[in-house]
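In: turn this into a model:
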Amino acid sequence: GCTIVATVGNAEKKKYLRQELGIEHVFNSRGDWFKELCSSPLGEGSINVVINSLAGSKNIENGILALTPLGRFVEVGKKDIY
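Out: Predicted coordinates:
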């Protein structure tokens, strides 16, 4: 199995992911989601796959920092592709 961690831009999307899809770990993509992730039971370096669509070098950097040593980062956004 896997644990899904998601970021969303508003409370409505957060509610949908939690209540309708059963995703427990949902963070605000417009806030300091990485800091929240690190203080959660999951912690930094605990994610196996990041599927990213968030623009901005800080979001990309944080997504990479969230990965396990052999984790994979998949970029699906249209901006800030390196």
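
In: ok, now which ones touch residue 30?
Out: residue 9 (C-beta atoms under 8 Å, 6 or more residues apart in numbering). Glycine gets a C-beta too; all of them are placed from N, C-alpha and C.

In: gap between it and residue 8?
Out: 9 Å (C-beta to C-beta, to the nearest Å).

In: same deal with residue 62?
Out: Taking C-beta to C-beta, one finds residue 62 at 15 Å from residue 8.

In: in this structure, which ranges drop under the pLDDT threshold?
Out: For the chain, the stretches with pLDDT under 70 are 34, 38-39, 44, 79-82.

In: partner strands of the longest strand along the chain, parallel or antiparallel?
Out: Longest strand of the chain, by residue count under DSSP state E: strand 67-75. Under the criterion DSSP bridges, strand 67-75 sits next to strand 47-52 (parallel) in its sheet.

In: report the angle between the helix or strand that the partner strand is followed by and strand 47-52.
Out: Following strand 47-52 in sequence order, the next helix or strand is helix 57-65 (DSSP states H and E). Here helix 57-65 runs at 160 degrees with respect to strand 47-52, directions being taken by axes from the mean of the first three to the mean of the last three C-alpha atoms, to 10 degrees.

In: show me how far helix 57-65 is from its chain's centre.
Out: Centroid displacement of helix 57-65 relative to its chain, using C-alpha atoms, centre = their mean, to the nearest Å, is 9 Å.
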